[in-house]
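Peer 1: Next input, structure requested:
(2 chains)
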Amino acid sequence: EDQVTQSPEALRLQEGESSSLNCSYTVSGLRGLFWYRQDPGKGPEFLFTLYSAGEEKEKERLKATLTKKESFLHITAPKPEDSATYLCAVQAGDSWGKLQFGAGTQVVVTP
Amino acid sequence: KAGVTQTPRYLIKTRGQQVTLSCSPISGHRSVSWYQQTPGQGLQFLFEYFSETQRNKGNFPGRFSGRQFSNSRSEMNVSTLELGDSALYLCASREGRSYEQYFGPGTRLTVT
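Peer 2: Got it, this is the predicted structure:
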């Protein structure tokens, strides 16, 4: 059965203190791995898509990487506005339109 | 382009009633997926529609149903509401050739 596990569950950072979030997955026929950011009471906001091992994507202070079994979301020199829940999801095999999500990592960045 | 829109944003219903939620995808997107988000179970896939056809369905009871119209707008219906149906219901749209899904703001359903 496909599984997506995120760690840690929660992360508290000082402004400027870089860190990484982990997303490990077991899935048959990975079509894509996705990172989203979700603020309280809002829908997930798309950040990145990664398709194959070795791929990297960057956006401002965020960088996502992918291996055959896990993905990392690196947050460099975070600011308070980076506080959010970060969700990882996979699209597998022939599961059209179905993203399987991890439980998320709640990040709080304090000034 | 305008993003995914969902109506209503908030809804309070009584156990046993039924509810219909609406989703308008991004212009040009023909696929709409629905998800349920709860604190205990996280984000769970309900179903996906493409060109008015349901192509995939998650593990939810038959009380949960949906449809898609020719303009790609979609509705989901929950009949005989239970307390456990209280959740944030999210829809997401994508272009037919892409796997990337873009989410709407959600409908917060409270069942009392």
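Peer 1: Identify the residues contacting the residue of chain A found nearest chain B.
Peer 2: In chain A, the residue that lies nearest chain B is residue A:97 (2.9 Å; Cβ to the nearest Cβ). (Each C-beta comes from the backbone N, C-alpha and C, glycine too.) Each residue near residue A:97 by Cβ atoms under 8 Å, 6 or more residues apart in numbering or on different chains is listed here: B:31, B:33, B:48, B:49, B:50, B:55, B:56, B:94, B:101.
Peer 1: Can you report phi and psi for it?
Peer 2: phi 70, psi 0 (degrees, to the nearest 10).
Peer 1: pLDDT wise, what is it at?
Peer 2: Note on residue A:97: pLDDT of 86.
Peer 1: What is the neighbour count of the spatially closest residue to it that is not a sequence neighbour?
Peer 2: Using Cβ to Cβ, 6 or more residues apart in numbering or on different chains and skipping the chain neighbours, the partner closest in space to residue A:97 is residue B:48 (2.9 Å). Number of residues near residue B:48 (other Cβ atoms under 10 Å in any protein chain shown) recorded here: 27.
Peer 1: Need the CA coordinates for whichever strand or helix holds residue B:48. PDB is fine.
Peer 2: Assessed by DSSP states H and E, residue B:48 sits inside strand B:42-50. Provided in PDB are the C-alpha atoms of strand B:42-50 (Å, rounded to 0.1, in the frame of the first residue of the first chain):
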ATOM      1  CA  GLY B  42      -5.500  14.700   7.300                       C
ATOM      2  CA  LEU B  43      -6.200  15.200   3.600                       C
ATOM      3  CA  GLN B  44      -8.100  12.300   2.000                       C
ATOM      4  CA  PHE B  45      -9.000  11.900  -1.600                       C
ATOM      5  CA  LEU B  46     -12.800  11.600  -2.400                       C
ATOM      6  CA  PHE B  47     -13.000  11.500  -6.200                       C
ATOM      7  CA  GLU B  48     -11.800  12.900  -9.400                       C
ATOM      8  CA  TYR B  49     -13.800  14.000 -12.500                       C
ATOM      9  CA  PHE B  50     -12.500  14.700 -16.000                       C
END
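Peer 1: for that strand, packing partners?
Peer 2: strand A:99-101, strand B:31-38, strand B:53-57, strand B:64-68, strand B:74-78 (3 or more Cβ pairs under 8 Å, 6 or more residues apart in numbering or on different chains; DSSP states H and E).
Peer 1: Just want the angle from it to strand B:74-78.
Peer 2: Counting by axes from the mean of the first three to the mean of the last three Cα atoms, to 10 degrees, strand B:42-50 lies at 130 degrees to strand B:74-78.
Peer 1: Partner strands of strand B:42-50, with direction?
Peer 2: strand B:31-38 (antiparallel), strand B:53-57 (antiparallel) (DSSP bridges).
Peer 1: Buried residues, the first one. List them.
Peer 2: Judged by neighbour count (16 or more other Cβ atoms under 10 Å in any protein chain shown), strand B:31-38 contains these buried residues: B:31, B:32, B:33, B:34, B:35, B:36, B:37.
Peer 1: coming back round to it: let's have the strands paired with strand B:42-50 in JSON lines, adding mean pLDDT.
Peer 2: Converted to JSON lines, the strands paired with strand B:42-50 look like this (pLDDT from 0 to 100):
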{"stretch": "strand B:31-38", "mean pLDDT": "97"}
{"stretch": "strand B:53-57", "mean pLDDT": "93"}
